[in-house]
Every structure is written in structure tokens, then in C-alpha cells.
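Asker: Just to be clear, the model below is a prediction. Sequence and coordinates:
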Amino acid sequence: MIEEEGISSPDLDQETELSKAGYRHLKEGRFQEAVESFNRILEINPQNNYALVGLGESARKQGQFDRAVEFYRSCLEFHPGNRFALVGLADCYRARGAYQKAIEIWEQYLAQDDQDVTVLTRIADAYRKVKNFEKSKGLYLKALEVDKDNPYALNGLGHLHFDFKQYGEALPYWERMLANEPDNIKVMTSLGNCYRKTKDFDEGLPYFERALALEPANFYALFGIADCNRGMNRHRDSLDAWEKILETDPDNKVIITRAGDAYRNLGDLEKAEQYYKQALNIEFDLYAVIGLALISKIKGDHLHAIESLTGLLAQNPKNHRVVTEIADSYIKLGNTEAALETLTRFLRLGGKNAKVSEMVKYLQK
């Protein structure tokens, strides 16, 4: 029965009340009660779209994506084009990393409504994940046509250009976002990272410092500050930031190695050696071994440095840093023939590096 001449169906009234209860439970995170309400609706009407979508939402919110997909697809069989089922289904595929499938579903949604900013940014995100730059950018820009300062579209465009190493193009989108959200730490560090990638450390540093002022132990702010100072050869300031990170993350071998580099550059070889060995005690680290070899070189023990680095070269034959350091030690020992052989072997294996090529030309003269 359906409503007719002001008379409502008892079943329809019951479905409506159960649906309201189910979605209320869903909003409150009471999934079991929500499922019970939706299942009672299906006992009355097995094709009820609100109940099928509600069961899909209950499963999806609990991470049961395969089960959620079944409910959404069941809804679409009875109600083709149901927008809530399409969005839920696409979100399930996105959560499972099946971005191409998610895109196909969202495209069906956009065929009905191409002004939905939420869906536009989600599908743009998916295209970004599958490295389709043009599609992703076009959809983000379309979202901005609908909502000129939409934060998801601005952030997405920033990340899209950053992912494709177009750091300068990423900046204006994150700047616009920061103008609207002046305390957004993630945007500050993203802007800092753009400048860090282009080695404009002096321009990136203020963003990291601004982020740190808002959150004094923020890892990304501290890392950015340390790396920018390192890039500007301010090793004492760099070390202070590395040490600050280690206060809360004492077993981070990457940071321990960076701190070792700072001590080495400050001339405290004993402390540097201690840090490199501490990193290696946690797990093998290429840069810690290089750091110890560089200490040997500073002390004039080039044979030991060559021995250590040659062991690395066997595992990393195309590592230009290892190759140039070995060659440099051979040159210091007066063995230009061995230095040249080390460098040319790197080139024969297909390695490409400007410094290696320059050293070869120098030695061949």
C-alpha cells in the first residue's frame, strides 16, 4: 500500500520511523542498533533503498568494505543511479586502493550532478593517486569554479603539483588555503617543503618556524627547520632541531644519522662517530656507514674509508655519492688509475651524475 487520499500505510509509517532510528544510531556510532533497525525495514520491504544504503554505511564505517559493497550494489540493482549508494560504493573502492573502480562509480554520479564539490574533489583525488595529472587538475579546478576557496580542491592542487615536482605551481594554492586557515600547520609545512625541495631554504624556514610556534613538538616542523638549516650550513641550529626530535623519537635512525652529520660538520668527530654507531645498532643505514667513512677520511685514514665504502658499492653500484668518495680517497692516496676505474665503472653500468663526469674529465687530463 502507498499513501492515498491522505491515508498513510502502516507499513510505510513503520519503515519511516525505523529508518530515522537507524540513521540516528548510525550517526551516534551505535552500529548494532542501526543494523537491527535497517534489517527490520528489509523484513517489511526488501527493496527499501534507505535500509540498503544504511546497512552499507554501517559496514563501511566499521571497515567491512566487502560487505558494504554488497549492500550498495543491491541498492543499485533496485534503484539504479541512487546517489548515496554510488558515493558509498566509490568510497569503499577508494578505501581499498581500487582507485580506477572508484573513478568509474564517481563518473556515474557526476553524470547526474557535476556540481557536487565533494564528489568532484574525491574523484580528482583518485585521479591524482593513479597519476593522471590532467584529469585530476581539471576536476579540482571545476570544484573551485563551484566553490572558489574550497579547501579540499586547493589542497589537492597543491599536492598534485608537488607530486609532479612542480613546486612553484603548488605554492599559490597552498598560500590561498593558508590565507583562509592561518593556523593550518599542515599547509605551513607543505609550503616549507616546496621551498626545501627547490633549495630555497631561507624562504622555507619561516613556514616551519611558524608551524613550530603553534605546535612545539611537531615532527615535520622540526625536520623542516633542521633540514633548511643544514642546507644553509647552519649546523648548530640544525643539530638543535635534530636533538629536539630525538627527545620524543629516540630510536629514529634517520634522525640519529642526521645528528651525526651535524656533529661531523661541527668538527666533533667523537660525538659524530657515537651517533653513527648508534644508528647502525638499530638497523643498517647506508648514510651512517658513509658518515663513518668520512670520519676516517678526515683523519687521513683513506684505506679504511675505501674498504668501508667498497663494501657499500657492491650493494649499491649506482650510488654516485659512494663512488665519488671512493675516487676522492684514491686521489688523495695518489692512485689516480684506481680512482678513474671506480668512476668509469659507474658510468659503464649506466649511472649518471654530473660530479662523476667532471671527475673523469679531470683525471683523464
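Answerer: Arrived safely, thanks for sending.

Asker: Count the neighbours of the closest residue to residue 115 other than its chain neighbours for me.
Answerer: Spatially, and ignoring its direct neighbours in sequence, residue 115 is nearest to residue 146 (5.4 Å; CB to CB, 6 or more residues apart in numbering). Every residue, glycine included, has its C-beta placed from N, CA and C. Other residues near residue 146 number 13, with proximity taken as other CB atoms under 10 Å.

Asker: now do residue 147
Answerer: Neighbour count for residue 147, taken as other CB under 10 Å: 16.

Asker: and if you look at the one 3 residues further on?
Answerer: Neighbour count of residue 150, defined by other CB under 10 Å: 20.

Asker: I'd like the numbering to begin with 58 instead of 1 from here.
Answerer: Noted, 58 is the first residue going forward, which turns the last one into residue 207.

Asker: Verify the stated contact: it with residue 174.
Answerer: Yes: assessed by CB atoms under 8 Å, residue 207 is found in contact with residue 174 at 5.6 Å.

Asker: Residues in contact with both of the two, list them for me.
Answerer: The overlap between the contact sets of residue 207 and residue 174 (CB atoms under 8 Å, 6 or more residues apart in numbering) consists of residue 200.

Asker: Quick check: residue 278 touching residue 243?
Answerer: No: when contacts are counted by CB under 8 Å, residue 278 is not listed as touching residue 243 (10.3 Å).

Asker: which one of the two has more residues nearby?
Answerer: Higher neighbour count among residue 278 and residue 243: residue 278, with 26 against 15, using other CB under 10 Å.

Asker: if I pick the more buried one, what's in contact with it?
Answerer: 242, 245, 246, 249, 265, 266, 268, 269, 272.

Asker: Just the buried residues of the residues you listed.
Answerer: Buried members of these, scored by 16 or more other CB atoms under 10 Å, are 242, 245, 246, 249, 265, 268, 269.

Asker: which parts of the helix or strand of the chain with the lowest mean pLDDT are buried?
Answerer: Ranked by mean pLDDT, DSSP states H and E, the helix or strand of the chain with the weakest confidence is helix 67-84, at a mean of 88. Within helix 67-84, the residues that count as buried by 16+ other CB under 10 Å are 72, 75, 76, 78, 79, 80, 82, 83.

Asker: Next: stretch 203-218.
Answerer: Applying 16+ other CB under 10 Å to stretch 203-218 flags 204, 207, 209, 210, 211, 212, 213, 214, 215, 216, 217, 218 as buried.

Asker: and these, which of them are in helices?
Answerer: Assigned to helices by DSSP state H, the following of those qualify: 209, 210, 211, 212, 213, 214, 215, 216, 217, 218.

Asker: Need these in TSV (columns: distance to residue 383).
Answerer: Putting these into TSV (distance: CB to CB, whole Å) gives the following:
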residue	distance to residue 383
209	49
210	49
211	47
212	44
213	44
214	44
215	41
216	39
217	40
218	38
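
Asker: Return the closest of those with respect to residue 227.
Answerer: residue 218 (3.8 Å; CB to CB).
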